[in-house]
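Trainee: Quick one: sequence and predicted model below, then my questions.
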Amino acid sequence: MVKRLLLASLLALSASTCADQRSHTQAVYMLIDTSGTYAQEVGKAQRIINYLLGTLQSGDSLAVARVKTRSFSEKDIVAKVTFDSRPSQANAQKRAFRDKIDAFVKSVGGSAYTDITGGLIQGGMYLNETGAGRKTILIFSDMQEELDKVTIRDFPINLKDIRVVALNVVKLKTDNIDPRRYMGRLEAWQKRIEKAGASEWILINDIEHLDSMLRS
Amino acid sequence: MSNQFWMIWPGNAVASALILAAIAMPFLYAARRLVHDLLHSLGRMAGGPLRLGARWLFATARDMKERNKAVLLAHGREEVGQHIEREFERISALVTRDLEGYPALQRKLLEEITRVEEDYKKCGEVPPPPPEWVEAVTSIAKVKSDSNEMVQRILEEIKRSVHAIHDKALGEYRRAYESRHKILNGFMPFWRSLDKTFGQVDQKLTGLHQTSSKIDAQMEKYEQINKKTDKAEHALTVSAFTQFAISTMVLLIAVGGALVNFKLIALPFSEMVGSGDYLTSTLRMSDVAALVIIFLEATMGLFVMETLRITHLFPLIANMNDRMRRRMLWVAVVFLVVFAGIEAALALMRDMLSADKQALVQSLSSAQAAPPDPLLRMIPTTAQMVLGFFLPFALAFVAVPLESFVYSLRTVGGAFAVMLIRATAFVLRVLGNLIRQLCKVLIGIYDVTIVLPLLVERLVKAARSESDGSESRPVKRAA
């Protein structure tokens, strides 16, 4: 009898040590540009958030933050959640999250400046705190950073092992005059993000491609 | 330029090669025996172990085949023995049942036969003989009346009396025959009953005969196995392969059922144990828990089959006393029912979770769909619950093909192992021979490269033998 108990304990112990300790969850931090005319695009951002809510699983984390004049602040996080491991609870959390986003969309107003870098730093910190296996920052912006004179953002940032995805990067009026500005802007961001240690830089203008990206 | 370093005559490869060959030839000739010995040794060194290995593998394959045969025959003997035992049990039951009823049957038959005999005797009873008035009538007929009124009257009187007596006798005869016909008519049910009883006896005897024929066939098979004939071995091997194929197919179907079962309970299990822990990179702990439940159900089913003595995978269970075995059966059945109930509940939970998820997705999407018909919603829910309840019981029957699979796997696996070992031995043998032949070819090539010194050697030897011959001849003559 004692032998049997020992054997069962050994089996249980081996099963617990064999368990995969890596994190299989994913965390997504979405930055929504609310500056100037881009604030009108917030409806599209809402659809993406709804899509994310439908796609993300139990244990995953999601945070939505706004990009405004200065975005390096927890106050700019509109809503954040780590979904419960129980699917029913996770569904309830998703409903509550959706309600928060709906309220935000209704009340959103444009800001004078666009601090994307501050939002990225804040996003990186949040994602690292979650301890998720796959970390993604979605930037819903035209990627045109505009800072006031006081704000300092020209220093190296750390986005190690984070995937950065630029979504719905619309062309500005000036880009239409000289497309090199648009290309140059994207190239500059790519360089900066890769220099920050990001695992990947992806540009998605067609939302349909977001699904395959999130699954990979 | 670097690959021309060997050229003694720069730019002329042929001449350089010829010169080098000419220089090397005496050395190669001098080393001929050594090189031959070396190549022979190499051939033996490489080929010997390979041939040895091949021989050992062939011997192993032979031993394994013998062992496989012994196992196969032992298993076949056991199986046929069980079959014969079962047939004897059937005969015993048949004989017990029929012999139990045999005294009653015999009594019934005897009673019916006695009754028929009695009736027959009654039929044989001759009706009372007619009165001896015929002679009297004949005598009276001879009386001459001759218009004698007195005689006429007497005769008239006699005629009337005779008519009355005749009518009476005729009536008695008719009554007697009528009663005999009635008796004969009463025979019919007895004849029918007799016929039916004999029919039953015949049927039972035919059944007995058929069963005994089966036993004869099984006994013949048993004898063949005992004699360890190739025919028996072949028949058993073919049977094992067939069993293997059939049981594999049935097990695959069962795996399909288990997968459906898994799908039914995996999602609700994530609600119970959480879906965040992973055993491997793709296998969630909740999935493992669901699989464990399914395996437990299959195990309980296996125990049910074992305790019912349908399968014989665990001799310990088969050898238990009946009381203990019955207890174990009930425990396994109770567990199975509990698991089935849990599964039905989980299936319902799965449906609710799916509906909740669906509702969430609907609320997140911009286009709102119409709510489904409640009846349409109810059908899959009920179907899932019913499936959840009955699949564990269906899985219980997996034990039967599993047993066939395990037993036939021994034979099939053994046959494949023998084939594999033989193939390996053949390859080793071929390799060994190839290496030996290769060494011989190399020796030949070596000799070809030093053909000139060899020719010279042959000429010198021929000249020397000639001179030796011419010297020795006069000596012989002198001798």
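Mentor: The structure has been received and is ready for your questions.
Trainee: OK, contacts around the residue in the stretch 51-200 of chain B that chain A sits nearest to?
Mentor: Closest residue of the stretch 51-200 of chain B to chain A, C-beta to the nearest C-beta: residue B:71 (29.3 Å). C-beta: built from backbone N, CA, C; applies to glycine. Neighbour list for residue B:71: B:410-411, B:414 [criterion: C-beta atoms under 8 Å, 6 or more residues apart in numbering or on different chains].
Trainee: Quick check: closest non-adjacent residue to whatever residue of the stretch 351-479 of chain B ends up closest to chain A.
Mentor: Across the stretch 351-479 of chain B, no residue is closer to chain A than residue B:364, which sits at 4.1 Å (C-beta to the nearest C-beta). Leaving aside its sequence neighbours, residue B:364 sits nearest to residue A:50 (C-beta to C-beta, 6 or more residues apart in numbering or on different chains; 4.1 Å).
Trainee: separation between that neighbour and residue B:365?
Mentor: For residue A:50, the distance to residue B:365 equals 7 Å [C-beta to C-beta, to the nearest Å].
Trainee: so what's the backbone phi/psi at residue B:278?
Mentor: When read as degrees, to the nearest 10, the backbone of residue B:278 gives phi -120, psi 140.
Trainee: Counting neighbours, what do you get for it?
Mentor: Neighbours of residue B:278 under the rule other C-beta atoms under 10 Å in any protein chain shown: 22.
Trainee: didn't it look like it was pressed against residue A:59?
Mentor: No. Assessed by C-beta atoms under 8 Å, residue B:278 is found out of contact with residue A:59, at 9.9 Å.
Trainee: okay, and the common contacts of these two?
Mentor: With C-beta under 8 Å, 6+ apart as the test, residue B:278 and residue A:59 both reach residue A:24.
Trainee: Give the helix, strand or coil label for the residue nearest to residue B:364.
Mentor: helix (DSSP: H, G, I helix; E, B strand; the rest coil).
Trainee: count of neighbours near it?
Mentor: For residue A:50, the neighbour count with other C-beta under 10 Å is 21.
Trainee: so what's the residue nearest the centre of chain B closest to, chain neighbours aside?
Mentor: Nearest to the geometric centre of chain B sits residue B:243, at 4.5 Å (C-alpha atoms, centre = their mean). Of all residues not flanking residue B:243 in the chain, residue B:408 sits nearest, at 4.2 Å (C-beta to C-beta, 6+ apart).
Trainee: Just want the residue of chain A that's nearest chain B.
Mentor: Nearest to chain B in chain A, going by C-beta to the nearest C-beta, is residue A:85, at a distance of 3.3 Å.
Trainee: Give the full set of residues in contact with residue B:409.
Mentor: Contacts of residue B:409 (C-beta under 8 Å, 6+ apart): residue B:244.
Trainee: pLDDT averaged over the helix or strand hosting it, what's the number?
Mentor: Following DSSP states H and E, the helix or strand that holds residue B:409 is helix B:399-449. Per-residue pLDDT over helix B:399-449 has a mean of 92.
Trainee: Tell me the buried residues in the next helix or strand after it?
Mentor: Downstream of helix B:399-449, the next assigned helix or strand under DSSP H and E is helix B:451-478. Within helix B:451-478, no residue is scored as buried using 16 or more other C-beta atoms under 10 Å in any protein chain shown.
Trainee: cool, and stretch A:98-116?
Mentor: Here stretch A:98-116 shows A:98, A:101, A:104, A:108, A:111, A:113-116 as buried, counting by 16+ other C-beta under 10 Å.
Trainee: lowest-confidence helix or strand of the chain?
Mentor: Going with chain A. helix A:2-18 (a mean of 48; mean pLDDT, DSSP states H and E).
Trainee: if you could check chain B rather than the one you did, that'd help
Mentor: By the measure given (mean pLDDT, DSSP H and E), helix B:133-142 is the least confident helix or strand of chain B, showing a mean of 72.
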